[in-house]
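> Generate coordinates for the sequence data below:
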Amino acid sequence: MTVMSDDEWREFVTEGSRLGNAAICRSNGLPHVTPICFIIEGDQLIFTTHPGSVKGRSIARDGRVAVSVSDDAHPYRFAMLEGEAALSDDPDDFLRVGMAIGRRYMPSQDPEEFSRSLASAGFAVARVHITNVIAHRDLG
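As a prediction, this is how the structure comes out:
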């Protein structure tokens, strides 16, 4: 097992359409883990969520988030990114972020149309300021 450098984990988590698994803490203390489509911009991991969802309500109450990204092919790799999240409903930011996520995860769809469909459904941008990364390669 080898620790990934900053450049290595960034390349790994942004490769293709790899999903992340976001972990948050529900109001009753139980963990909640859900897959997310995301992008990385600088020291932020960014995804969309509905403010009324378990993720959205939990982020509004307690912004702590951990996101795990893993590889399902040998030799295995993983990265776990921890940080503080905040929701934003800025329409210009949402359009740009939604389009970037659409390009990465929905390549057959028009990115602007994809972004606008999420916005019209009331989604918001969740920005996680990354404070800690644990990333390894060559597992198993």
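> Residue for residue, what is the longest helix this protein has?
Identified as the longest helix of the chain according to DSSP state H is helix 91-105.
> Check the offset of that helix from the chain's centre.
Its chain's C-alpha centre and that of helix 91-105 lie 13 Å apart, by C-alpha atoms, centre = their mean, to the nearest Å.
> can you give me the helices in the protein?
For the chain, the helices defined by DSSP H occupy 6-13, 54-61, 91-105, 111-120.
> Tell me where the model's unsure across this structure.
Of all residues in the chain, none has pLDDT under 70.
> looking at the sheet around the residue nearest the centre of it, what are its partners?
For the chain, the residue nearest the mean C-alpha position is residue 38 (3.8 Å; C-alpha atoms, centre = their mean). Here residue 38 sits in beta bridges with residue 47, as judged by DSSP bridges.
> just residue 80 next, same as before
Using DSSP bridges, the bridge partners assigned to residue 80 are residue 68, residue 134.
> what's the burial count for it?
Using other C-beta atoms under 10 Å, residue 80 has 18 other residues around it. For the C-beta atoms, the positions are set from N, CA and C on the backbone; glycine is no exception.
> Kindly provide the distance from it to residue 133.
Separation of residue 80 from residue 133 (C-beta to C-beta, to the nearest Å) stands at 7 Å.
> And the contacts of the longest helix of the chain?
17, 37-39, 46-48, 88, 109-112, 114-116, 118-119, 123-125 (C-beta atoms under 8 Å, 6 or more residues apart in numbering).
> 6 Å instead, please
Applying C-beta atoms under 6 Å, 6 or more residues apart in numbering, the external contacts of helix 91-105 come out as 17, 37, 39, 46, 111-112, 114-115, 118-119, 125.
> Show me the two of those that sit farthest apart.
17 and 119 (21.0 Å; C-beta to C-beta).
> more crowded one of those two?
Legend: neighbour count by other C-beta under 10 Å for residue 17 and residue 119, higher for residue 119 (17 against 10).
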